[in-house]
Structures are given as C-alpha cells and as structure tokens.
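Q: sequence first, predicted coordinates after that:
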Amino acid sequence: MKLHILCIGNEILGGRVLNTNLASLGSLCEEHGWHIERETCVPDDLETIRRETVAALATADVLVTIGGLGPTTDDLTRPAVAAALTLPLQWQPEVAARIRTFLSQRQITIHDEAVNLQAMVPAGAEILPNPNGTAPGLCIPTPSGQLVFLLPGPPHEFMPMARNEMLPRLQARFARTEVADSVFCVGIAESNAAVIAEAVAQRHGGFDIAYCAKPAQVYIRFTTVPERAAALAAAMRDLRQELSAQALPQGCQSVVEGIAQVLAKDGLVMATAESCTGGGIAKAITDLPGASAFFHGAVISYDNAWKTRFLGVPESLLAEPGAVSEAVARAMLQGLLDLKVAQVGIAVTGIAGPTGGTLEKPVGLVYVATGRQEKITVRRYQFAGDREAIRERVVAMALVQLWQGLTAPEAQKH
Ligand code: ATP
Ligand code: MG
C-alpha cells in the first residue's frame, strides 16, 4: 500500500502548531505493518490543496488529508478535494442533524450557515462519525480504487477517527507489507549498538535497520517482509542476548517502563529528590500511566534551605564541599530515604546554567545518587549543551543509573 499524507494548515507551516498528528499516524501505521511513503504540508489555500491532492493520487493507493474540515473560512479541504476528484458537493441533512445534536448537548449555538457548510460533502463520500467534535470525517473511493480519507485536525478528534474508522477500512483492503520489532538499549553508544546489530542482522539474512538515539537510550528496529517473521523473531532473540544487560526487557519502550517492572516485581516504591531538574525526573516517571503503583512523590529542593529543611542535608556540607557535590547528592538521597516514604530513590544536584558555573564546577556538572538504604551509588557527570539539553540529559541519565543499579547482578540476589 502506498500511503500519502497531506497536512493542511498555515498554523503548522508557521510553527504555531507541532505536527503531532503525523507522528501519531506514523506510529499507528508502523504498528499495523505499513509505513507512510510521503507527507506534504500545505497552507490553507484551495488551489494548493487541490493540486497536491491530484499529485498524490497520481501514485498513492491511499491519501489521508488532515485538518481544514471545520466551519471557518480557512477550512477548505472538502471543496478542494471535491474539485481534485471532480465531484460535486452535496448537502447531507443527516450530517447537519448530527452536528446540531452534538452542539445542543454541549449548549453551544452556532450559525446555521456554519452547520450547513460542514454538511456539504463530496458526492459518494462515506461519513465517518466524529464523537469528539463537530466536523465528520470522510472516506471517498476514487474510480480507480484508491481511498481518500479526510480527517479533522484537532488531535483528540483525529486519532480516535484514524484508529476506529480509517484503520479497519485499510485492514479490510490491504495486507500488512512489513513486520518489525525493536530493542531499546540503555547505557551504550549508538555506534557500538550498531556494530552488534549489523552482525546479528547479517547472521540472520539481513533486515532494514533503523536506529534512533535519544539521551542515554538507543532504539534499534529491524524491519522485513511478513514472510520472514520467523527469521526476525530469531534475530531479535539473538540481539537481545548480545546486548544482555544493556537491553531493556521485551515490551519495554522506555527505561521508566523497565524500572516500573523491576519495582513492581519486588513490591518497592520510589521517590525523587531533585535540585537542577526541578521535578523533571518525576515528570518523566509520571508520564507513564499507572506510575502511582511504584512512584509516590518528589521533593523539589531547588534552594539550599529546602535541602536542609526537607532532606536534612547538613548545612556544613552545603558550605563545603558545596551544594553540587558527591556528598550532597548522597545526603539528599539519604535524607529522602530516611523520610520512610520510599525504599528506592534518585537524588540529583548540578549546574544547569547558563550562569553559576566556575572553573572547578563548570556548567553541566551533575551528581546523581540512586539506590536504596545502605546501597547508594553516586556518579559524577559532565554534560554539554544549553540549559534545556543538560536538564534533559540529567533526567535520562538519572533514570538509566537507577535502572542499572536495580538490575545489576548483585542487586538481583536480594
Ligand atoms: P475544526 O473543526 O476544529 O476547525 P479542522 O478539521 O478544521 O477542525 P483545522 O482547523 O485544520 O482542523 O485545525 C484545528 C486545530 O487542530 C489546529 O489549530 C491545531 O491545533 C490542530 N491541528 C491541525 N492539524 C494538526 C496536525 N497535523 N498536528 C497536530 N495538530 C493539528
Ligand atoms: Mg478548522
């Protein structure tokens, strides 16, 4: 299946809105064995949308347009696609009725004109219900057997419609064209992971390999045709074995998921004590739904007085060797664990910049303490980059350090 996407909107091209729908659709498609062949982003201009629709349909089996289905003057997708397919627009009373019901349930009144505009639908289009908004989606078959989906722009309307309406229609028509599997690794350089991955791939007859490096994590993805699913499974087993401790368990897509699994297995709860990350580690952890099962809270001790007051860090340590030091990172974690609110913790203290650095303690110097009572590990890191990059790396590295401590062979004896 050749799948093209046409994203519509000045707000995307102007950088006011991030094109998250493309990312969500891309991963939905990969999950189901297809990939997006091409994406084009165009402004809210009728002729441009029409021309790009015609161009896409010269080669695509499926075209998905995103956005521009609403009632405002910049919503031009319906007339533009109708023009591209030389279809008349027809007023659909049931669409108008459904929009009125949706609005009255929410005590919203809009002009009849706006309702009727959204009920103008290219002839022959199938209406895709939109339980989360007014504009319905549309699915239009072309005479040569292609499918054109018109989906709304707001992500909370777009994704449910893509998953519940578009996906089943695609599955009914097109077989999956690929199978893929991934390994997430931590604490290994991308180039070292690549050497291992290439060797494994070669031993098993070759695959398309993709790498994606994020701070402190590398993700390796092998893709092949469905007929080679067994070879793929064998290669993945091999790859996992070769990466051993550096590979997250099967099914884990992030180090937080890995930590969650280990803590759940042992019935442990964790907490964080954060200075330079300002709660960023807690945020990363609580991004995982269900995090409350293993994460109970954070002390954001940004100011020294808070390190003393809430974590019991001795003032003498804050004076010498100073707040950014191995001793203070250790004392912060010790103080957190002494609160008896968690058995496992992370504490970080560092200089995120851009100011505050000195010759002995430059910007990017960070101490990370992880572990549990009597088993605290403190490591010193020197990160590069601006404030945002440094803080992002500290969050990633702190989680990796905890994960490594939890899964180290000596930790598993307990
Ligand atoms: P509405 O009925 O709300 O007007 P619509 O289908 O007409 O929906 P647009 O007007 O194009 O859609 O976009 C509405 C909003 O949806 C945008 O302001 C933006 O916030 C969001 N949006 C549109 N396209 C995308 C995209 N590709 N990725 C993420 N968000 C998007
Ligand atoms: Mg709109």
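A: That came through fine. Ligands and ions are numbered 1, 2, ... in the order given.

Q: and stretch 118-128, how far apart are its ends?
A: End-to-end distance for stretch 118-128, by C-alpha to C-alpha, to the nearest Å: 13 Å.

Q: ok, residues contacting it?
A: The contact list for stretch 118-128, computed with C-beta atoms under 8 Å, 6 or more residues apart in numbering, reads 69-71, 78-79, 81-82, 85, 87-96, 99, 134-141, 149-151, 161, 165-166. (C-beta placed from N, C-alpha, C; glycine too.)

Q: buried ones among the residues you listed?
A: Buried residues within the contacts of stretch 118-128, defined by neighbour count using 16 or more other C-beta atoms under 10 Å: 69-71, 78-79, 81-82, 85, 87, 89, 92, 95-96, 99, 134-140, 149-151, 161, 165-166.

Q: report how many residues lie close to the closest residue to Pro141 other than its chain neighbours.
A: Leaving aside its chain neighbours, Pro141 sits nearest to Leu147 (5.9 Å; criterion: C-beta to C-beta, 6 or more residues apart in numbering). Residues near Leu147, counting by other C-beta atoms under 10 Å, number 21.

Q: just to revisit the earlier point, filter the buried ones among the contacts of stretch 118-128 down to the ones in strands?
A: Using DSSP state E, the members of those that fall in strands are 89, 137-140, 149-151.

Q: quick check, Leu89 in contact with Thr77.
A: No: contact between Leu89 and Thr77 fails when scored by C-beta atoms under 8 Å: they sit 11.6 Å apart.

Q: hang on, the earlier thing: what sits against the residue nearest to Pro141?
A: Counted by C-beta under 8 Å, 6+ apart, Leu147 has contacts 61-63, 139-141, 169-170, 173.

Q: will you turn those into TSV that also has distance to ligand 1 and pLDDT?
A: Formatted as TSV, those follow (distance: C-beta to the nearest ligand atom, whole Å; pLDDT from 0 to 100):
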residue	distance to ligand 1	pLDDT
Asp61	21	98
Val62	17	98
Leu63	15	98
Cys139	15	98
Ile140	16	98
Pro141	21	97
Arg169	19	97
Leu170	19	97
Arg173	24	95
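
Q: closest to Glu31 out of those?
A: Of all these, the one sitting nearest Glu31 is Leu170; the distance, using C-beta to C-beta, is 12.2 Å.

Q: ok, that closest one touching Val62?
A: Yes: contact between Leu170 and Val62 holds when scored by C-beta under 8 Å: they sit 6.6 Å apart.

Q: so what sits against both of those two?
A: Common neighbours of Leu170 and Val62 (C-beta under 8 Å, 6+ apart) are 1, 147.

Q: neighbour count: those two, which is higher?
A: Set Leu170 next to Val62 and count neighbours by other C-beta under 10 Å: Val62 wins out with 24 against 20.

Q: quick one, phi psi at that one?
A: Main-chain dihedrals, Val62, degrees, to the nearest 10: phi -130, psi 130.

Q: repeat that for Ala123.
A: Phi and psi for Ala123, reported as degrees, to the nearest 10, are phi -60, psi 140.

Q: picking that back up, with Val54 as the reference, measure out to the residue nearest to Pro141.
A: Leu147 is 16 Å from Val54, where distance means C-beta to C-beta, to the nearest Å.

Q: now do Cys212
A: As judged by C-beta to C-beta, Cys212 and Val54 stand 34 Å apart.

Q: same question, Glu31
A: Counting by C-beta to C-beta, the separation of Glu31 from Val54 is 30 Å.

Q: from this structure, which residue is nearest to ligand 2?
A: Gly70 (3.0 Å; C-beta to the ion).

Q: and the residue lying closest to that residue once chain neighbours are set aside, what's its pLDDT?
A: Here the nearest residue to Gly70 in space, its sequence neighbours aside, is Ala135; by C-beta to C-beta, 6+ apart that works out to 5.3 Å. We have a pLDDT of 87 for Ala135.

Q: ok, Ala135 - contacts?
A: With C-beta under 8 Å, 6+ apart, Ala135 has these contacts: 69-71, 75, 118, 152, 157.

Q: of these, closest to ligand 1?
A: Gly70 (2.3 Å; C-beta to the nearest ligand atom).

Q: the closest one: what's it in contact with?
A: Going by C-beta under 8 Å, 6+ apart, the list of residues near Gly70 reads 118, 134-135, 152-153.

Q: list phi and psi for the residue of the chain positioned farthest from its centre.
A: No residue in the chain has its C-alpha farther from the mean C-alpha position than Ser316, which lies at 42.8 Å (C-alpha atoms, centre = their mean). Ser316 adopts backbone torsions of phi -60, psi -40, taken as degrees, to the nearest 10.

Q: and the gap between it and Gln373?
A: 22 Å.

Q: again, but for Cys185
A: Distance from Cys185 to Gln373, counting by C-beta to C-beta: 29 Å.

Q: and Ala235, by the same measure?
A: 42 Å.

Q: again, but for Ala260
A: Ala260 is 21 Å from Gln373, by C-beta to C-beta.

Q: would you list the phi and psi of the residue in the stretch 251-400 of the chain positioned nearest to ligand 1?
A: Distances between the stretch 251-400 of the chain and ligand 1 by C-beta to the nearest ligand atom are smallest at Asp287, namely 18.8 Å. Main-chain torsions, Asp287, degrees, to the nearest 10: phi -60, psi -20.

Q: pull the contacting residues for it.
A: Counted by C-beta under 8 Å, 6+ apart, Asp287 has contacts Val256.

Q: and for the one 4 residues further on?
A: With contacts defined as C-beta under 8 Å, 6+ apart, Ala291 is in contact with 256, 260, 285.

Q: so Ala235 and Gln373 - more neighbours on which side?
A: Neighbour tally, Ala235 and Gln373, criterion other C-beta under 10 Å: the higher count belongs to Ala235, 23 against 13.

Q: using the three-state scheme, assign the residue in the stretch 101-250 of the chain positioned nearest to ligand 1.
A: Closest contact between the stretch 101-250 of the chain and ligand 1, by C-beta to the nearest ligand atom, is at Gly153 (2.7 Å). Following DSSP: H, G, I helix; E, B strand; the rest coil, we place Gly153 in the coil state.

Q: pLDDT on the longest helix along the chain, on average?
A: Taking DSSP state H as the criterion, the chain has its longest helix at helix 387-407. The average pLDDT for helix 387-407 rounds to 96.
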